[in-house]
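> fold the following and give me the result.
(one chain, ligands or ions: 1)
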Amino acid sequence: MLEKINQTADYIRSKVTDLPKTAIILGTGLGALVDHIEDKQYIPYTEIPNFPVSTVEGHSGNLIFGRLGNKRIMAMQGRFHFYEGYDMKQVTFPVRVMKALGVKTLFVSNAAGGMNPEFMIGDIMIITDHINLFPEHPLRGKNYNELGTRFPDMSEAYSKRLIKHAMEIAEEKGIRVMHGVYVGTQGPTFETPAEYKYFHIIGGDAVGMSTVPEVIVARHGGMEVFGVSVITDLGVEGIVEEVSHEEVQKAAAKAQPKMMEIMTELVNRFEE
Ligand code: HPA
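Sure thing, here's the model as predicted:
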């Protein structure tokens, strides 16, 4: 594994001169952030040694290097989901490579179903914590001390200072933001009404099929993390309605400008 990470990092170093300290995983609802990245350099996943290839509709696969505001950043356009059949080491491999390249801060976004009765479709939820319900742990197996400790602390998986910054930005801009706990599940089914209820009872505010593995590996590697969900459907008791991938995409597209505004400003402002 270490060899693979280094091989991939070496390849990227051979292509990119000015490496960033900040990375963004562009999930559903943040794809258009790409248009705001300046001096872009694309590296398709297909050209990167050891990289899995993205398969889902609406997720193209590129690493993008460039500038967002005053920061050098790298962005993942398209991520790898467990439900696609990748194992957890593959899902989180790009985060290992980011760390090897010197990335210190990871920004992640996703689409999620809202379970908190105060949430509305199109809301943005700043992730304050998560519950990992994936059936496989990304750190299962041999621990490489070079990558991180055997038993990582998760008491502040999501950076309090970045959450605070983001809330301030939302308030300044008059954008309604919610905050809450993200439940990560394997998918690919959306939840039954009973499952939404259960996830809410155990402390979840939103549920989705990504993010948790990447965040765990980022924290294992000592990176600071900020995450945000766009609420694309509601799993609230009494109002659980039919959900489809298309509806999720549509709701995410609608919320995209707000999400982008917060993320762009946050990346611009925070101290690396
Ligand atoms: N459940 C799981 N994943 C999701 C949902 C949901 O309701 N909405 C968007 N991604």
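> around the ligand, which positions in the stretch 151-272 of the chain sit nearby?
With Cβ under 6 Å from any ligand atom as the criterion, the stretch 151-272 of the chain comes near the ligand at residues Phe190, Glu191, Val207, Gly208, Met209, Thr232, Asp233, Gly235, Val243, Val248. Quick note: C-beta positions are derived from backbone N, CA and C, even for glycine.
> packing partners for the helix or strand harbouring the last one?
Val248 belongs to helix 245-269 when elements are defined using DSSP states H and E. Helices and strands touching helix 245-269, as assessed by 3 or more Cβ pairs under 8 Å, 6 or more residues apart in numbering; DSSP states H and E, comprise strand 22-26, strand 62-68, strand 71-77, strand 105-114, strand 124-132, helix 160-173, strand 224-234.
> as JSON lines, those with mean neighbour count would be great.
Shown next, in JSON lines, are the helices and strands packed on helix 245-269 (neighbours: other Cβ atoms under 10 Å):
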{"stretch": "strand 22-26", "mean neighbour count": "25"}
{"stretch": "strand 62-68", "mean neighbour count": "20"}
{"stretch": "strand 71-77", "mean neighbour count": "22"}
{"stretch": "strand 105-114", "mean neighbour count": "27"}
{"stretch": "strand 124-132", "mean neighbour count": "20"}
{"stretch": "helix 160-173", "mean neighbour count": "15"}
{"stretch": "strand 224-234", "mean neighbour count": "26"}
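> how about the contacts made by the closest residue to the ligand within the stretch 1-150 of the chain?
In the stretch 1-150 of the chain, the residue that lies nearest the ligand is Gly113 (2.1 Å; Cβ to the nearest ligand atom). Applying Cβ atoms under 8 Å, 6 or more residues apart in numbering, we find Gly113 in contact with Phe190, Glu191, Tyr196, Ala206, Val207, Gly208, Ile231, Thr232, Asp233, Leu234, Gly235, Val243.
> ok so, going back, could I get the residues of the stretch 151-272 of the chain next to the ligand in TSV, plus columns for pLDDT?
Below are these laid out as TSV (pLDDT from 0 to 100):
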residue	pLDDT
Phe190	94
Glu191	95
Val207	98
Gly208	97
Met209	97
Thr232	93
Asp233	92
Gly235	90
Val243	81
Val248	81
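> let's have the helices and strands packed on helix 245-269 in JSON lines, adding distance to Ala255.
Shown next, in JSON lines, are the helices and strands packed on helix 245-269 (distance: least, Cβ to Cβ, whole Å):
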{"stretch": "strand 22-26", "distance to Ala255": "14"}
{"stretch": "strand 62-68", "distance to Ala255": "19"}
{"stretch": "strand 71-77", "distance to Ala255": "18"}
{"stretch": "strand 105-114", "distance to Ala255": "9"}
{"stretch": "strand 124-132", "distance to Ala255": "6"}
{"stretch": "helix 160-173", "distance to Ala255": "13"}
{"stretch": "strand 224-234", "distance to Ala255": "4"}
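> let me know the pLDDT of Val240.
On pLDDT, Val240 comes in at 68.
> re earlier: wait, which of the residues of the stretch 151-272 of the chain next to the ligand is closest to Ile24?
Gly208 (17.0 Å; Cβ to Cβ).
> how many neighbours does the closest one have?
By the criterion of other Cβ atoms under 10 Å, Gly208 has 26 neighbours.
> leaving out the residues flanking it, which one is nearest to it?
Nearest residue to Gly208, sequence neighbours excluded (Cβ to Cβ, 6 or more residues apart in numbering): Ala112, at 3.8 Å.
> give me the beta-bridge partners of that neighbour?
Judged by DSSP bridges, the bridge partners of Ala112 are Ile231.
> find the centremost residue of this structure, please.
Val108 (2.8 Å; Cα atoms, centre = their mean).
> which residues are in contact with that residue?
Ile24, Ile25, Gly27, Thr211, Glu214, Val215, Val225, Phe226, Gly227, Val228.
> need these in a markdown table (columns: distance to His200).
What follows is the contacts of Val108, written out as a markdown table (distance: Cβ to Cβ, whole Å):
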| residue | distance to His200 |
| --- | --- |
| Ile24 | 29 |
| Ile25 | 26 |
| Gly27 | 22 |
| Thr211 | 18 |
| Glu214 | 24 |
| Val215 | 21 |
| Val225 | 23 |
| Phe226 | 24 |
| Gly227 | 19 |
| Val228 | 20 |
